[in-house]
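S.K.: Quick one, fold the following:
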Amino acid sequence: MSDERSMEMEELWQKASELFDTDNKAGLEAWLDLAERGYARAMHSVAWCFREGLGTEKDTEAAIGYYRRAIEGGYQRSYMGLYGLYDE
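M.R.: Modelled structure (predicted):
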């Protein structure tokens, strides 16, 4: 991902985070859009939402899938998220 695209995605992720703070469902939908566009940090955020049931129903399988996709995309924090999920 180019530096310019990376900065753009980070800005969009931040806006989605601010939206999530006031409306979990709307924030999750914004993160889902970014995840589908290949942004690994958003995949991690989506996994966390499915794991905790924030803006959606809890769905462990979906959380695992998004954590794995985030890891494949290079987002290292997802290793801990996935480990924690398996450790629960």
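
S.K.: okay, now Glu29: neighbour count?
M.R.: 16 (other Cβ atoms under 10 Å). Every C-beta, even on glycine, is put in place using the N, C-alpha and C of the backbone.

S.K.: can you pull the buried residues of the strand or helix carrying it?
M.R.: Secondary structure assignment for Glu29, by DSSP states H and E: helix 24-36. Residues Asn24, Gly27, Leu28, Glu29, Ala30, Trp31, Leu32, Leu34, Ala35 are the ones in helix 24-36 that count as buried (16 or more other Cβ atoms under 10 Å).

S.K.: Just the pLDDT for the nearest residue to the second one once chain neighbours are set aside.
M.R.: Sequence neighbours aside, Phe20 is the residue nearest to Gly27 in space, at 2.4 Å (criterion: Cβ to Cβ, 6 or more residues apart in numbering). Model confidence at Phe20, expressed as pLDDT, equals 96.

S.K.: Arg68 versus Phe20, what's the distance?
M.R.: Phe20 sits at a distance of 22 Å from Arg68 (criterion: Cβ to Cβ, to the nearest Å).

S.K.: my guess is Leu82 meets Tyr75, correct?
M.R.: No - counting by Cβ atoms under 8 Å, Leu82 does not reach Tyr75; the two are 10.8 Å apart.

S.K.: Helices of the protein, residue ranges please.
M.R.: Using DSSP state H, the helices of the chain run over residues 3-22, 24-36, 40-52, 60-72, 77-87.

S.K.: CA atoms of the third one as CSV?
M.R.: Taking only C-alpha atoms (Å, rounded to 0.1, in the frame of the first residue of the first chain), the coordinates of helix 40-52 have been written out as CSV:
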residue,chain,number,x,y,z
ALA,A,40,-5.8,-4.5,8.0
ARG,A,41,-6.3,-2.2,11.0
ALA,A,42,-10.0,-2.0,10.1
MET,A,43,-10.1,-5.8,9.9
HIS,A,44,-8.7,-5.9,13.5
SER,A,45,-11.4,-3.4,14.6
VAL,A,46,-14.1,-5.4,13.0
ALA,A,47,-12.8,-8.6,14.6
TRP,A,48,-13.0,-6.8,18.0
CYS,A,49,-16.6,-5.8,17.4
PHE,A,50,-17.6,-9.4,16.5
ARG,A,51,-15.7,-10.7,19.5
GLU,A,52,-17.4,-8.3,22.0
